[in-house]
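Visitor: What follows is a predicted protein model with its sequence.
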Amino acid sequence: MSELTCQFVRPDRLLYKGPVASLILVTHSGELGVWPGHASEICSLGDGVVRLHLTPEDGGEERKVIISGGYAEINPAGVIILADHARDVDDIDPDTVRRTRQKAFDLRDEVPEGDHRRAYYDNKISWCNLLLKHASDQDASS
């Protein structure tokens, strides 16, 4: 069976490295399916869930990773994903995310309107909202 080599990197660590049968990327223009032999391409990633389909030898399950931004480099043999933010769906603690989001709201509100630092907190709040959305989706499918 054909497979792809996948490297999934976020700023602080390597999230996954290994073979996949295929994967579905989330881009700004929609989802992009990648299978062995895919044409070379670089694409900008959006916000949502990347689905890695592991090989039958590795259990064949689907691994879901929530991402926000970044890039993917695709070639016929593999994919390198460089995500701005990435978290395994199974690795979300909704209570921790809610606390982090509230702290970001509080800190943002201490910064005056028009201050560029507010954008940092707005991005953090958006990331937390995305995590909470997919954490609740995961709970509903369990």
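Guide: Right, received. Where do you want to start? Residues are numbered from 1 along each chain as shown.
Visitor: where's residue 87 relative to residue 52, distance?
Guide: Going from residue 87 to residue 52 by CB to CB, to the nearest Å gives 14 Å. Heads up, the C-betas are built off the backbone N, CA and C, glycines and all.
Visitor: before we move on, what about residue 113?
Guide: With CB to CB as the criterion, residue 113 and residue 52 are 42 Å apart.
Visitor: Comparing the two, which residue is more hemmed in?
Guide: A direct count of neighbours by other CB atoms under 10 Å for residue 113 and residue 52 places residue 52 higher, at 26 against 5.
Visitor: Would you check that that one makes contact with residue 25?
Guide: No - with contact defined as CB atoms under 8 Å, residue 52 does not reach residue 25; the gap is 9.9 Å.
Visitor: Check which helices and strands the lowest-mean-pLDDT helix or strand in the chain is in contact with.
Guide: Sorting the helices and strands of the chain by mean pLDDT, DSSP states H and E puts helix 117-141 at the bottom, at a mean of 86. Contact here means 3 or more CB pairs under 8 Å, 6 or more residues apart in numbering; DSSP states H and E; on that basis helix 117-141 packs against strand 47-54, strand 62-75, helix 94-110.
Visitor: Next up, the contacts around residue 26.
Guide: With contacts taken as CB atoms under 8 Å, 6 or more residues apart in numbering, residue 26 has the following neighbours: 32, 45-50, 67.
Visitor: change it to 10 Å
Guide: When contacts are counted by CB atoms under 10 Å, 6 or more residues apart in numbering, residue 26 is found next to 32, 43, 45-51, 65-68, 72.
Visitor: and of the residues you listed, the nearest to residue 127?
Guide: residue 68 (5.5 Å; CB to CB).
Visitor: surely residue 27 meets residue 43?
Guide: Yes - with contacts counted by CB atoms under 10 Å, residue 27 reaches residue 43, the gap being 5.1 Å.
Visitor: Who has more neighbours out of those two?
Guide: With neighbours defined as other CB under 10 Å, residue 27 and residue 43 compare such that residue 43 has more, 17 against 14.
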